[in-house]
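Chemist: Below: sequence and its predicted model.
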Amino acid sequence: MNDEFKISVLSSGSGGNCTYIETPQHKIIQDAGLSGIRIKRLMEGIGKDLADVDTMLVTHEHTDHAKGVGILARKYGMNVYANEATWKAMDQKIGAVPLEQKFVFDPNTTELWGDLDVESFTVAHDAAQAQFYNYHHHGKSFVIITDTGSVSDRVAGLIRNADAYLFECNYDPDMLMNGDYSYSTKLRINSDTGHLSNQASTEILMDVMGPQTKRIFLAHRSHHNNTKALARLTVASVMKNHGFGVGQDFELFDTDVEQPSPLIKL
């Protein structure tokens, strides 16, 4: 039996987000925070055709997650899922989506789609009602969680011991506070409903990851307040100092807005 569970982080960062998830029965993208043509090219970069995608899940209405939702839905006829609050918040931004392609994915519920179970969970972010997803296929799980300023005990329990995480490492606190953003923007990013710093992400990851965890993708990096090298150094050094087997028991992977990660099997 073909039980392959494949993923690629097509794009991740403050400039746009899109992730590809594939099982034998489904080809899915989560979020479409770039133009349609850019997502098409990113898919081609991993040898996949955007026309084969059957489903899109949207986490929230912010442009770096929803920019291309409308155009992709109209052009490719894929079904689009988001919670009711997100639909209301993004409807005017993305243009008309055919009614038969619009579906409500209620917060904190699980949809059973043949060989894929998708579990939604809300996070603390300054959007209408941001929710992310835990994908389950034949005993393996892939968690995506970005755009949150904190992780509750409830969410930590839901995402514990996944095989792979796409996890936010948005900013370095010193770069943020010494940068040229307005003070109010700095406070927003650094708040419990903003984003996670490299250090905060590491602490949460060390709490939730388990023996099944083999891959961690460092995601949603700010291009103003972080660097790829700094995010990786912070996460790896803190984990190693706490006895985690970075590079032995599990691997850390960088992500990028312009370059998709290789398509890998979990």
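Modeler: Received, thanks.

Chemist: Low-confidence ranges, this protein, go.
Modeler: Residues of the chain that meet the criterion pLDDT under 70 lie in 1-2.

Chemist: Can you show me the helices along it?
Modeler: Applying DSSP state H to the chain gives helices spanning 36-45, 63-66, 69-76, 84-94, 153-158, 173-178, 183-189, 198-208, 228-241.

Chemist: Relative to L112, which of those helices is closest?
Modeler: helix 153-158 (16.4 Å; Cβ to Cβ). C-beta coordinates here come from the backbone N, C-alpha and C atoms, glycine included.

Chemist: by contact count, what packs against the closest one?
Modeler: Applying 3 or more Cβ pairs under 8 Å, 6 or more residues apart in numbering; DSSP states H and E, one finds that helix 153-158 contacts strand 116-122, helix 198-208.

Chemist: and the closest residue in space to I46 that isn't next to it in sequence, what is it in contact with?
Modeler: Leaving aside its sequence neighbours, I46 sits nearest to L263 (Cβ to Cβ, 6 or more residues apart in numbering; 4.4 Å). Residues in contact with L263, defined by Cβ atoms under 8 Å, 6 or more residues apart in numbering, are 6-8, 20, 22, 46-48.

Chemist: Recalculate using a threshold of 6 Å.
Modeler: L263 makes contact with 6, 8, 46, according to Cβ atoms under 6 Å, 6 or more residues apart in numbering.

Chemist: Just name the closest of the residues you listed to A200, please.
Modeler: Using Cβ to Cβ, the contacts of L263 come closest to A200 at S8, 26.0 Å.

Chemist: who touches V69 in this structure?
Modeler: V69 makes contact with 32, 58, 94 under the criterion Cβ under 6 Å, 6+ apart.
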